[in-house]
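Asks: this one's sequence-less:
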């Protein structure tokens, strides 16, 4: 058994995106950076995942703005402070941006997504350096 000092918990992230290709791209990027990823296909599924977990269980939510059932901003408003949100959107209208800021989105990213910028924002928001990676002892305890 490894000493407690060598156990590193992988951050858990939800990716909510109704477009399967975009969702797969984001999930692959996060898996390659050693995140544990849970997928949601729409806003309702995202909210159910968040409400079914203890606050802080998911270290970050990455969500599309326009999804069936609930938008990214609606999920953020309903979820409260369960996890920081990064909202991805092709929209840039003032009303959407104002709502995202008002409800506390950590970041809003425009589509098409630059994966290097995306990963930098995710790691910054989670508070985890990318250099903590695959060679170090990692367990998925908890």
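Replies: In hand now; what should we look at? Values in this document were obtained by computation on a predicted structure and should not be read as measured data.
Asks: Which residue is the nearest non-sequential neighbour of residue 68?
Replies: Leaving aside its chain neighbours, residue 68 sits nearest to residue 42 (4.3 Å; criterion: Cβ to Cβ, 6 or more residues apart in numbering). All C-beta atoms are positioned from the backbone trio N, CA, C, and that covers glycine.
Asks: Show the pLDDT at the one you found.
Replies: If you check residue 42, the pLDDT there is 97.
Asks: where's it relative to residue 64, distance?
Replies: Distance, residue 42 to residue 64, using Cβ to Cβ, to the nearest Å: 9 Å.
Asks: Mind listing the shared neighbours of these two?
Replies: By Cβ atoms under 8 Å, 6 or more residues apart in numbering, residue 42 and residue 64 have these common neighbours: 16, 18.
Asks: still on that earlier bit, my read: the residue nearest to residue 68 touches residue 18, true?
Replies: Yes. Counting by Cβ atoms under 8 Å, residue 18 is a contact partner of residue 42 at 5.5 Å.
Asks: Pull up the overlap in contacts between those two.
Replies: Residues touching both residue 42 and residue 18 (Cβ under 8 Å, 6+ apart): 67-68.
Asks: hmm, back to that, neighbour count winner among residue 42 and residue 64?
Replies: residue 64 (25 against 17; other Cβ atoms under 10 Å).
Asks: which ones are touching the residue lying closest to the more buried one once chain neighbours are set aside?
Replies: Counting by Cβ to Cβ, 6+ apart, residue 64 lies nearest to residue 17, which is 4.5 Å off, once chain neighbours are set aside. Neighbouring residues of residue 17 by Cβ under 8 Å, 6+ apart: 23, 26, 40-41, 62-64, 67, 88.
Asks: quick one: which of those is most hemmed in?
Replies: Top of the contacts of residue 17 by neighbour count (other Cβ under 10 Å): residue 62, with 31 neighbours.
Asks: does it belong to a helix or a strand, and which?
Replies: Here residue 62, judged by DSSP states H and E, is contained in strand 60-64.
Asks: Can you list the strands that that strand pairs with?
Replies: Strand pairing for strand 60-64, determined by DSSP bridges: strand 12-16 (parallel), strand 85-89 (parallel).
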